[in-house]
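what would the 3D arrangement of this be:
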Amino acid sequence: MLQAFNLSCTKDPRVGPLFNHVDMALAEGEKVALVGRNGVGKTSLLRILADIEPPTEGRVVLARGAQVAYLPQDFDHGFAGTLLELFDAPTYALARAASRVGLDTELLHAPYPQLSLGEKMRGTIAGLLAAEPTLLLLDEPTNHLDIEAKAWLVEFLRTCRESVLLVCHDRAVLTQVPDRILELTPKGLVSYTGNYAAMLDEKRTAETRQSREWEEHRAETRRLKNVAETVRQRAVKTGKKPPGNEYSASAKPFYEAKKARVEKQAKAVLKRVQRELSDAPEKPFEHDALKVEFPTLPLRSAQPLVVRGVAKAFGDRALFDGLDLTLENRSRLAITGPNGSGKTTLLKLLTGEMAADQGEIMWSSDAKVATLSQARDALDPTLPASDAAGGEPQLARTVLACLGMRGEIGSRPVGNLSVGERTKVEIASMILRSANVLILDEPTNHLDIPSLEALEAALARFEGVVIFVSHDAEFVSRLATEVLALG
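So this is what the prediction gives:
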C-alpha cells in the first residue's frame, strides 16, 4: 500500500533533524498508530507521507491506484462557508459520509464558524470519507470528539476496509484500534506488534533486559580494570630490588624476566578491558522526567464559585437554562456532554469572556483564575515560547524545561511549535501565574502520554479548584470529584 525509504526531515539546519533514516511500510487494510513525544516530528512525517511537504531526504512509494486522505491536526480552517462548500464532493456523498460519522446532515448547510470544534472534526472526517480513499492518514482524530462520537470512530477504524495510520495519544483508542504501533523517537522509528498495552509490555521487557546487560557490562569492566591495576602494581613491585642483602646482581635477569611476564599479564587484561568497552551494549536511553507542579496562592473561601440561574442560548438553540452550581475548595469539577452541548460556552461564561443571558456567576474575592484554551491559540504566535509564557525569562525557561521543552525550543516562536508544544507553553503560563483556580478546556488533547500522565498527577496534587472539560473517560475517572453533565 505505502512504503517509505530513508526519510529524514530538517526544519531548521541550526537545530538539526527532527528525525532521520525512517523506513516503514503499510499493508492493505492494516491499522497502525504512530506515537511519540511532542515535537519529535509525527505531524511532519504524516505530511510527508501525504505528499503535502517534501522530505529532506528519502522517498515515499504509493501502490498503484491507492488514494490518500489526510486529516490535519489543525482542522479549524478559518473557513466562513458551509461544509458543503468546504469539500469538493457531491452532496449525496457528503451526506452519506456525515451519517457514518454521526453528524446531523442539516449541519452540512450550517456556517462553519457556528459549529463546535467537535462538529467541525466530524465534518472534516466526513469530507475525507466522501472521496472514498484507500489510505487514511489521521493526525489526532479523537481530539474534541465526545464519548459517543469517539466510540463510533473507534469502531469505524477497527472495521473499515481502508488502511489507517493515525497519530494518537488517547490511551483507550490505542488499546482498541491498532494492529501495530510505530514509536517515533530521537533514534528513529521502532515497530511494536499489537496494541498499546502490548507495546508497554514489550518496552518494559526490552528496557529491563537492556538495563541488566548494561549493568553487567559496567560491573565486568570495573572488575577487569581492578584486576589490570592489581597486576600492574605487582609488576612494579616485582621489578624493584629486594631489601637488604637478598639482592644479587647475577639475579637481575631473573627479576627482569619475572617483571616482563607480569607486565604481559597486565597488558592482556587491559586488552580485555578495551574489548569489553568496544563490545559494550547500548546504554539505556532515559527521557528527562517531566516535572509539572502548579504553585498556588491560598484560597481562603470555602465556596470560591457560586452560579445561580444561569441561562444561555444562541438564537432558538438553548444550551442551558436555570443552571445552579456551587464549588467548594479543592473541588475537581469535570464538565462532560455531547459536542455542541455548551461545555466551552460555559467555561467562557465562568471566565467572563461571554455574558450569560440571565443569572449570576459569583467568584470569591481571592479567586485567581488561569485558563487553558481549547484551540491552544491564547498566546501570541509571534513571540518566543519563553516570552509568551510570561514571567521572568529565566524562570519561564526553567518551567518549560520541566515540561520537556529544553534548550533552543524556548526561543522558537509559538506559531512554529507543534500543537502539543503550544499546549505545554500555555500550561507553563498557567504555572507562572500561581493561580488558585484552573479552568482547562480539553487538557488531554495534543499532549503525549508521558506529559498527560504528569499533568494528571499535578492536577490531583493541586491545592485549589480545578474545572475542566474532557471527553477522556479515563482522565475524568482519575481526577474528577464531581461531574456536571450537559445535554
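
mind listing the helices for the stretch 351-487 of the chain?
Per DSSP state H, counting those that start in this stretch, the stretch 351-487 of the chain carries helices over the ranges 385-388, 393-402, 419-433, 449-461, 473-479.

could I get the CA-only coordinates of the last one as PDB?
Only the C-alpha atoms of helix 473-479 are listed here, as PDB (Å, rounded to 0.1, in the frame of the first residue of the first chain):
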ATOM      1  CA  ALA A 473     -13.200   8.900  30.300                       C
ATOM      2  CA  GLU A 474     -10.000   7.600  32.000                       C
ATOM      3  CA  PHE A 475      -8.800  11.200  32.800                       C
ATOM      4  CA  VAL A 476     -12.200  12.100  34.200                       C
ATOM      5  CA  SER A 477     -12.500   9.000  36.400                       C
ATOM      6  CA  ARG A 478      -9.000   9.500  37.800                       C
ATOM      7  CA  LEU A 479      -9.300  13.200  38.600                       C
END
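
begin at 57, not 1, for the rest of this chat.
Let's use 57 as the start, then, which means that last one is helix 529-535.

and that helix, what does it pack onto?
helix 227-232, strand 388-392, helix 505-517 (3 or more C-beta pairs under 8 Å, 6 or more residues apart in numbering; DSSP states H and E). C-beta: built from backbone N, CA, C; applies to glycine.

tell me which residues in the longest one are buried?
Of the residues in helix 505-517, those buried under the neighbour-count criterion (16 or more other C-beta atoms under 10 Å) are I505, P506, S507, L508, E509, A510, L511, E512, A514, L515.

wouldn't the second one be in contact with R93 here?
Yes - P506 is in contact with R93 according to C-beta atoms under 8 Å; the separation is 6.8 Å.

list the buried residues in the lowest-mean-pLDDT helix or strand in the chain.
Ranked by mean pLDDT, DSSP states H and E, the helix or strand of the chain with the weakest confidence is helix 308-334, at a mean of 72. By neighbour count on 16+ other C-beta under 10 Å, the buried set for helix 308-334 is Y311, K315, V318, E319, Q321, A322, V325, L326, R328, V329, E332.

make TSV from these and add distance to D380 to it.
Below are those laid out as TSV (distance: C-beta to C-beta, whole Å):
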residue	distance to D380
Y311	99
K315	94
V318	90
E319	89
Q321	87
A322	84
V325	80
L326	80
R328	78
V329	75
E332	72
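
and R120, that's in a strand?
No - R120 is assigned coil when assessed by DSSP: H, G, I helix; E, B strand; the rest coil, not a strand.

that one: what's it in contact with?
R120 sits next to no residue when contact means C-beta atoms under 8 Å, 6 or more residues apart in numbering.

so what does it have for phi and psi?
Phi and psi for R120, reported as degrees, to the nearest 10, are phi -60, psi 130.

sketch out the low-pLDDT regions of the stretch 207-356 of the chain for me.
Low-confidence segments of the stretch 207-356 of the chain (pLDDT under 70): 291-308, 310-311, 332-333, 336-345.

the stretch 407-543 of the chain too?
Those would be none, if you go by pLDDT under 70 across the stretch 407-543 of the chain.

which residues of the stretch 157-306 of the chain fall in helices?
Counting by DSSP H, counting those that start in this stretch, the helices of the stretch 157-306 of the chain are 173-186, 203-215, 227-232, 252-294.

centre of the chain versus the first one, how much separation?
Shown here is helix 173-186, whose average C-alpha point lies 23 Å from the average C-alpha point of the whole chain (C-alpha atoms, centre = their mean, to the nearest Å).

contacts for that helix, please.
Contacts for helix 173-186 (C-beta under 8 Å, 6+ apart): 125-127, 131-132, 139, 142-143, 145-146, 149-150, 152-154, 156-159, 163-164, 168, 171, 192, 194, 197, 199-202, 205, 209, 394-396, 400, 430-431.

for that helix, the averaged confidence score.
The predicted model assigns helix 173-186 a mean pLDDT of 82.

tell me the bridge partners for L494.
According to DSSP bridges, the residues that bridge with L494 are A426, V522.

distance of it relative to V455?
15 Å (C-beta to C-beta, to the nearest Å).

ditto for D372
To V455, D372 is 46 Å away according to C-beta to C-beta.

the two: which is more packed in?
The residue with more neighbours, out of D372 and V455, is V455; 26 against 5, by other C-beta atoms under 10 Å.

these two touch, right, that one and R489?
No - if you go by C-beta under 8 Å, V455 and R489 don't touch, sitting 11.0 Å apart.

ok, now which ones touch V88?
L82, V220, L221, L222, P234, D235, R236, I237, L238.

please repeat the previous calculation with a cut-off of 7 Å.
For V88, the residues meeting the contact criterion (C-beta atoms under 7 Å, 6 or more residues apart in numbering) are L82, V220, L221, P234, D235, R236, L238.

now P128. Nearest residue, chain neighbours left out?
D195 (5.7 Å; C-beta to C-beta, 6 or more residues apart in numbering).

just the pLDDT for that neighbour.
pLDDT, D195: 92.

specify the beta-bridge partners of it.
According to DSSP bridges, beta-bridge pairing links D195 with V223.

which phi and psi does the closest residue to N199 other than its chain neighbours have?
Once flanking residues are discounted, N199 sits nearest to N501: 4.3 Å by C-beta to C-beta, 6+ apart. Dihedral angles of N501 (phi, psi; degrees, to the nearest 10) stand at phi -60, psi 140.

so what's the residue count around N501?
With other C-beta under 10 Å as criterion, N501 counts 26.

how near is it to I417?
N501 is 25 Å from I417, where distance means C-beta to C-beta.

do T99 as well
Taking C-beta to C-beta as the measure, T99 falls 38 Å from I417.

quick one on the thing from earlier: K281: which of the buried residues of helix 505-517 is nearest?
Using C-beta to C-beta, P506 comes nearest to K281 of the buried residues of helix 505-517, at 36.5 Å.

could you find the closest non-adjacent residue to the closest one?
Using C-beta to C-beta, 6+ apart and skipping the chain neighbours, the partner closest in space to P506 is L346 (6.0 Å).
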